[in-house]
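Participant: Mind looking at a prediction? Sequence and model below.
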Amino acid sequence: MDSYPPSVNELAESLSGSGLPHPVLVKEIRKAINEGDWENLEARIQRLKTMSLQTVINATGVLLHTNLGRAPWPYSSAGQAMNLELDLNSGARGSRQEHVGSLFATLCDAESAMIVNNCSSAVLLVLSALASEKGVAISRSEMVEIGGNFRVPDVLELSGAYLVEVGTTNRTRREDYERAILANRDVGMVMKIHQSNYKIVGFTESVEIDDLSGMDVPLVADIGSGLLDESCSWLEMAPPAWIAGEPAARQALASGADLVTFSGDKLLGGPQAGIIAGSADLIAKCMKHPLARAVRPGGLILSSLQELAMSYLNRDWEAIPFWKMAMTSIDELKDRAKNIGCGDPVSLESIPGGGTLPGVTIPSFGIQINDDVSHDLRLGAGGNPPIIARVEEGCTFLDLRTVDPRCDEHVANALHELS
């Protein structure tokens, strides 16, 4: 004989201790009843709770893990009004771009800079404002696709510009750009796009930024990953070896790029944002374009970027979580693994992640558990927050380079609970 579920209200009352709002419970209960799955309601509610955005511990060894929000940067707000677009001196309306843009212009040694909501938006705005209904010369080797099927030719089409392909997949020279410009009199821009998430090796040739300048059209470099300066002037020590060859905003502009675009949440180490820096005239055109309003950031992002820029300008690199974990010594990681006291201490290889520095690894250290306990760690072994580890050949690895040291005790408790 088929069993019948209690009333929706009864079930909702029985689950009131779940912490979920009553309307959410009712919706899920009705869905479970319609699907004939009401007897598994507690498991469904638990799954629903895990779907909410929450803090997790990144023990994967991927410094910029896209699924985990990329750069670990704190967002904060006093919950009060701020002078987002108010000039406190005059009392008149001001610009949300002026102050934070000026800080990033200083960091990039540029005439001007502005902020948008991500790097894709930065590229779209630049193309729309400067090259709509014009050709944009791009090397065939730089026809990139980033995550989510987001492709450079699609962005060009959306902006109203059209693609002028230059060179071949593996070899492109300056004269290829020059011929393209001569053959297409309405080419309005040359764009150099960093191959941030892949490499072409073998019989290859490409054109550096300093060899592309002086073509009488704007040269825009999408460096993507957001390294400000190849010398890492904010550090007290030499730049880490693993960033060698990564394009940087200062050097790209000094080499002749009129504009650079890059991400805020990758090697810059901040919140999701896009930065456009370079020529004041070209930045002004971007700011006046109607699309600029659609992709502008809010006060929380701008105040967060202001704090980040101040940390760079003050050379306070330890206040930037990305750089603090990136520069942690192997000896410190070994000591932490020993103090956690669970599993087997083991040498590991971290990676930058976030579509940056493909093929690059960073020596690291962590813990190996000779079993797959990743599911239990994700679902709260030891209590919240969840711990995200990686699994290889049936073993679980926790890379301590990407774990905040303040979380070591929680990691230890979770592993002790599972041992």
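Facilitator: Now that the structure is in, tell me what you want to look at.
Participant: Specify the local secondary structure of residue 216.
Facilitator: coil (DSSP: H, G, I helix; E, B strand; the rest coil).
Participant: quick one: pLDDT of the residue nearest to it when sequence neighbours are not counted?
Facilitator: Nearest residue to residue 216, sequence neighbours excluded (C-beta to C-beta, 6 or more residues apart in numbering): residue 181, at 8.0 Å. C-beta coordinates here come from the backbone N, C-alpha and C atoms, glycine included. Here the pLDDT value assigned to residue 181 is 84.
Participant: cool, and the one 10 residues further on?
Facilitator: At residue 191, the model reports a pLDDT of 93.
Participant: repeat for residue 146
Facilitator: pLDDT at residue 146 comes out at 64.
Participant: Could you do the one 3 residues further on as well?
Facilitator: Note on residue 149: pLDDT of 62.
Participant: same deal with residue 212?
Facilitator: On the pLDDT scale, residue 212 gets 89.
Participant: Provide a list of residues in contact with it.
Facilitator: 174, 177, 190, 192, 219, 256 (C-beta atoms under 8 Å, 6 or more residues apart in numbering).
Participant: With just CA atoms, put stretch 79-98 into CSV.
Facilitator: The C-alpha coordinates for stretch 79-98 follow below in CSV (Å, rounded to 0.1, in the frame of the first residue of the first chain):
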residue,chain,number,x,y,z
GLY,A,79,26.7,49.2,5.3
GLN,A,80,26.5,53.0,5.1
ALA,A,81,26.5,55.7,2.4
MET,A,82,29.7,56.5,0.6
ASN,A,83,30.9,59.3,-1.7
LEU,A,84,30.7,57.1,-4.7
GLU,A,85,29.8,59.9,-7.1
LEU,A,86,30.0,62.9,-4.8
ASP,A,87,32.8,65.5,-4.9
LEU,A,88,33.2,66.3,-1.2
ASN,A,89,35.1,69.6,-2.0
SER,A,90,32.4,71.1,-4.2
GLY,A,91,29.4,69.2,-3.1
ALA,A,92,28.6,68.5,-6.8
ARG,A,93,28.3,65.2,-8.5
GLY,A,94,31.6,63.6,-9.1
SER,A,95,33.1,60.6,-11.0
ARG,A,96,33.1,57.1,-9.6
GLN,A,97,36.1,56.4,-11.9
GLU,A,98,38.4,59.4,-11.0
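Participant: Which secondary structure state does residue 307 sit in?
Facilitator: Taking three-state DSSP, the label given to residue 307 is helix.
Participant: and what of residue 398?
Facilitator: Here residue 398 is strand, with the state taken from three-state DSSP.
Participant: Check residue 222 too.
Facilitator: Residue 222 is classified as strand under three-state DSSP.
Participant: For residue 6, give me its contacts.
Facilitator: residue 14.
Participant: Flag every buried residue along the helix or strand where residue 100 lies.
Facilitator: Using DSSP states H and E, residue 100 maps to helix 98-108. Within helix 98-108, the residues that qualify as buried by neighbour count (16 or more other C-beta atoms under 10 Å) are 100-101, 103-105, 107-108.
Participant: How about residues contacting stretch 320-329?
Facilitator: Stretch 320-329 is contacted from outside by 63-64, 71-74, 234-235, 237, 240, 267, 269-270, 308, 311-312, 317-318, 362, 401-402, 404, using C-beta under 8 Å, 6+ apart.
Participant: now do stretch 347-362
Facilitator: Contacts of stretch 347-362 (C-beta under 8 Å, 6+ apart): 61-66, 70-71, 146-147, 195-199, 224-225, 240, 242-243, 246, 265-267, 326, 363-366, 397, 399, 401-402.
Participant: how about that stretch: buried residues?
Facilitator: Under the neighbour-count criterion of 16+ other C-beta under 10 Å, stretch 347-362 has 348, 350-357, 360, 362 buried.
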